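Asker: Here you go, sequence then predicted model.
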Amino acid sequence: MVKHLSLLLLLLLSALSQSWGQDDVPDVTSTFAITNANIIVKPGQIIEGGTIVIKDGLIHQVGKSVTIPIDAEVIAGDSMFVYAGFIAAASHAGIPSKEEKRQGRPEGVKVSDPPNDVAGITPQKSIRETLKHNDGSIAALRKQGFTISHTLPKGRMMAGRGSIILLDGESADDMILREDVSLAGSLKSAPRIYPGTTIGVLAKWRQLYRQADLAKDHEKKYKMAPSGMKRPSFSQEIKSLYPVVNQEVPVFFSGPKQMDLHRAMQLQKELGFKMVAMDIEQGWKLIPRLKSSGTTAILGMNLPKGATKKDKKKDKKKGDDAKEEKGEKEDVGDEDKKKPEEKKEELTEEKKALKKRIKSSQADYVGQAAAFEKAAIPFGFSLTKVKTADIKKNLMAMVEAGLSEDAALAALTTNPAKILGISSMAGTLEKGKMANIIVADTSYFKEKVNIKYVFVDGHKHEMEVKKKEKKKGEGEATGEIAGTWSYVVDVPGDSPVEGKLKLIGADDSYTAEITTDTDSDMIEISEVEVDGNNVSFAFTTDIDGQTMPISMSIDITDDEFEGTVSIAGGMMTAPITGSKTSTPNE
């Protein structure tokens, strides 16, 4: 844990008791009316200039001819866009993101027959045991428009039971909508003990499933006629598999790679359990098989590095900068003027072929969602591996690769609602459904969209909207960004926090380093977004066992800047100002 971040976070959170943030102001009323808005009832169905009324956590009315209750807080839509709250078909939302340490084999553990929990076999484990209502991932996903998550525990081959949760609430009881609705499964092996290979994991799956099947039948027969039968005594791990064996609870099986997915489908066919294939990253080659088998699909929302246009633009810029440093500018056309070591090495046929395969694989990866849509296979999205900040960027890359906006919206709303069995309460904006709603200033599928409000179960969250003002002209900054800046965070109700911010780079490729004056510890930030004179970046820190995201957004004018520091997606904000103390060359 980085000391200076902990100090800043503690100061801001201590001020919370004295000054409410926008996202935490208690609602004066539970009745709201969003007027004159473009209401997307469901993918492909829109009400232009409509009104939607929220009352007691439900959608009370929706349409053009709507009577607004006298006690309603009216939100002027002004042609804004209203969507059903997004649903994560699979994620780890609310589960603290502590990294699992790869430790050596515990002393006294038998390599060939370790305890189940050591081997990653914990099907009895519920997320209730680890769910944290104030984990930073909750607010971070809500800021992206997500209101419901099918949260699965972290772990190996049988990690435990997943539950459907609301991304709001003060306790697990508040948040859990439906408990223990799935079993999280994978082919992830155990380190240095059995099952330590994929083949071993498959064998263990078969063994445990068949043991559970026999144990279930034994218990049933004992209840009917116990005379002459041994009293059944089975482990919690075996008993927890009864609903799976009975096909009452599906296994959400993680199969990112093509071979993982193939093996998972083979195992399901052999044993007969209900399965949802999730985290799919390379499923385009298995589309015919998935379709013929009727396997439910949840695609991974993560994309390989360099696959999006934004990534490629950054890579190209870095390449151009490197060329300029070596004197390899494009206007130097005379090859004889170059030194031999500076001449561009000719690509061999093997390297050309490899480069072509990588490019083709990236295109298939990004185009996977479009291929599933073309094959008429409904799908949702898994967020278990994607960075929250990359969700919108990756979705737009999929749309650019051929995925329709309606199919993309369905993958965020109606499809996961159906997969999770909650279509009667969520996924569309219809009377009587839960008031899980997103209000955006324009179409969600525009690059510059801002989500202004998110309602979860009728509870309004007002989002912080980043303002990006252009001072000298469109896309131009009014001062040099790179350099060292001193900053002051004006903590409400407490002493200011001062420190140094170092921005390193040029054009649109930057990194950052940040410290406080009270602590010399430094944190490095590898991804800094620059848009004109606006600079923004985010990072996370652990404090008292909780993971909290921190983001900063500053607007630079000459040698000064001002902006905001945000905690947990806007749960608490504080103003920050700064001035340049040195340039990169000083």
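Answerer: Thanks, I have it.
Asker: and R178, that's in a strand?
Answerer: Yes - under DSSP: H, G, I helix; E, B strand; the rest coil, R178 falls within a strand.
Asker: Report the beta-bridge partners for it.
Answerer: For R178, the beta-bridge assignment (DSSP bridges) gives partners I164.
Asker: pretty sure it is touching I422, no?
Answerer: Yes - applying C-beta atoms under 8 Å, one finds R178 in contact with I422, separated by 7.2 Å. Glycine gets a C-beta too; all of them are placed from N, C-alpha and C.
Asker: Quick check: neighbours shared by these two?
Answerer: Common neighbours of R178 and I422, counting by C-beta atoms under 8 Å, 6 or more residues apart in numbering, are I164.
Asker: and I419, what are its phi and psi?
Answerer: Main-chain dihedrals, I419, degrees, to the nearest 10: phi -60, psi -40.
Asker: List the residues that contact it.
Answerer: Counted by C-beta under 8 Å, 6+ apart, I419 has contacts A89, V276, T296, I298, G380.
Asker: hmm, try it at 10 Å
Answerer: 87, 89-90, 150, 250, 252, 276, 278, 296-298, 378-380 (C-beta atoms under 10 Å, 6 or more residues apart in numbering).
Asker: Could you do D78 as well?
Answerer: By C-beta under 10 Å, 6+ apart, D78 lies in contact with T35, N36, A37, D441.
Asker: Based on its surroundings, how many neighbours for the second one?
Answerer: Going back to what we said before, that points to N36. Residues contacting N36 under the criterion other C-beta atoms under 10 Å number 15.
Asker: so it, which of the three states?
Answerer: strand.
Asker: let's have the chain start at 44 instead
Answerer: I'll keep to 44 as the first residue from here, and by that count the last item is N79.
Asker: Could you report the neighbour count for the closest residue to it other than its chain neighbours?
Answerer: With C-beta to C-beta, 6 or more residues apart in numbering as the criterion, N79 has its nearest non-adjacent residue at 4.5 Å, and that residue is G120. The tally of other residues near G120 (other C-beta under 10 Å) stands at 22.
Asker: Specify which member of the contacts of I462 is nearest to P238.
Answerer: F295 (19.7 Å; C-beta to C-beta).
Asker: from memory that closest one sits against S229, does it?
Answerer: Yes - contact criterion C-beta atoms under 10 Å: F295 and S229 qualify, at 9.3 Å.
Asker: what touches both of the two?
Answerer: In terms of C-beta under 10 Å, 6+ apart, F295 and S229 are both contacted by the residues A202, M321, D322.
Asker: By neighbours, which of those wins?
Answerer: Neighbour max across the shared contacts of F295 and S229 (other C-beta under 10 Å) = M321, 32 neighbours.
Asker: ok, it touching S229?
Answerer: Yes - M321 lies in contact with S229 (C-beta under 10 Å); the separation is 9.3 Å.
Asker: anything in contact with each of the two?
Answerer: V294, F295, F296, S297, G298, P299, A307.
Asker: Strands of the stretch 494-629 of the chain, start to end?
Answerer: Shown for the stretch 494-629 of the chain, the strands assigned by DSSP state E, counting those that start in this stretch span residues 494-499, 502-505, 526-532, 540-549, 552-559, 562-574, 577-586, 589-600, 603-610, 615-625.
Asker: what packs against the lengthiest helix in the chain?
Answerer: Determined from DSSP state H, the single longest helix within the chain is helix 241-267. With contacts taken as 3 or more C-beta pairs under 10 Å, 6 or more residues apart in numbering; DSSP states H and E, helix 241-267 sits against helix 159-162, strand 201-209, helix 279-282, helix 285-288, strand 294-297, helix 301-314.
Asker: circling back: between R221 and I465, who's got more neighbours?
Answerer: Set R221 next to I465 and count neighbours by other C-beta under 10 Å: I465 wins out with 20 against 15.
Asker: Give me the neighbour count for the closest residue to that one other than its chain neighbours.
Answerer: Excluding its sequence neighbours, the residue lying closest to I465 (C-beta to C-beta, 6+ apart) is I207, at 6.5 Å. I207: 23 surrounding residues under other C-beta under 10 Å.
Asker: The residue nearest the centre of the chain: what's its closest spatial neighbour, skipping adjacent residues?
Answerer: Central residue of the chain (C-alpha atoms, centre = their mean): T431, 3.8 Å from the mean position. Distances taken as C-beta to C-beta, 6+ apart put A183 closest to T431, at 4.6 Å, once the chain neighbours are dropped.
Asker: Please give the centre-to-centre distance between the helix or strand where the one you found lies and its chain.
Answerer: A183 is part of helix 179-186, with elements assigned from DSSP states H and E. Put simply, helix 179-186 sits 9 Å off its chain's centre (C-alpha atoms, centre = their mean, to the nearest Å).
Asker: Just to be sure, E473 is in a strand?
Answerer: No - under three-state DSSP, E473 sits outside any strand and is assigned coil.
Asker: What about it, how many residues nearby?
Answerer: Neighbour tally, E473, other C-beta under 10 Å: 12.
Asker: Tabulate the strands of the stretch 494-629 of the chain (a markdown table), appending mean pLDDT, mean neighbour count and distance to R235.
Answerer: Converted to a markdown table, the strands of the stretch 494-629 of the chain look like this (pLDDT from 0 to 100; neighbours: other C-beta atoms under 10 Å; distance: least, C-beta to C-beta, whole Å):
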| stretch | mean pLDDT | mean neighbour count | distance to R235 |
| --- | --- | --- | --- |
| strand 494-499 | 96 | 22 | 43 |
| strand 502-505 | 94 | 20 | 45 |
| strand 526-532 | 86 | 19 | 46 |
| strand 540-549 | 83 | 18 | 40 |
| strand 552-559 | 83 | 18 | 36 |
| strand 562-574 | 76 | 14 | 32 |
| strand 577-586 | 75 | 19 | 27 |
| strand 589-600 | 78 | 21 | 28 |
| strand 603-610 | 82 | 20 | 40 |
| strand 615-625 | 82 | 18 | 43 |
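Asker: For the ones you listed, give me a markdown table that also has distance to L174.
Answerer: Shown next, in a markdown table, are the strands of the stretch 494-629 of the chain (distance: least, C-beta to C-beta, whole Å):
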| stretch | distance to L174 |
| --- | --- |
| strand 494-499 | 16 |
| strand 502-505 | 18 |
| strand 526-532 | 31 |
| strand 540-549 | 31 |
| strand 552-559 | 31 |
| strand 562-574 | 28 |
| strand 577-586 | 17 |
| strand 589-600 | 12 |
| strand 603-610 | 20 |
| strand 615-625 | 22 |
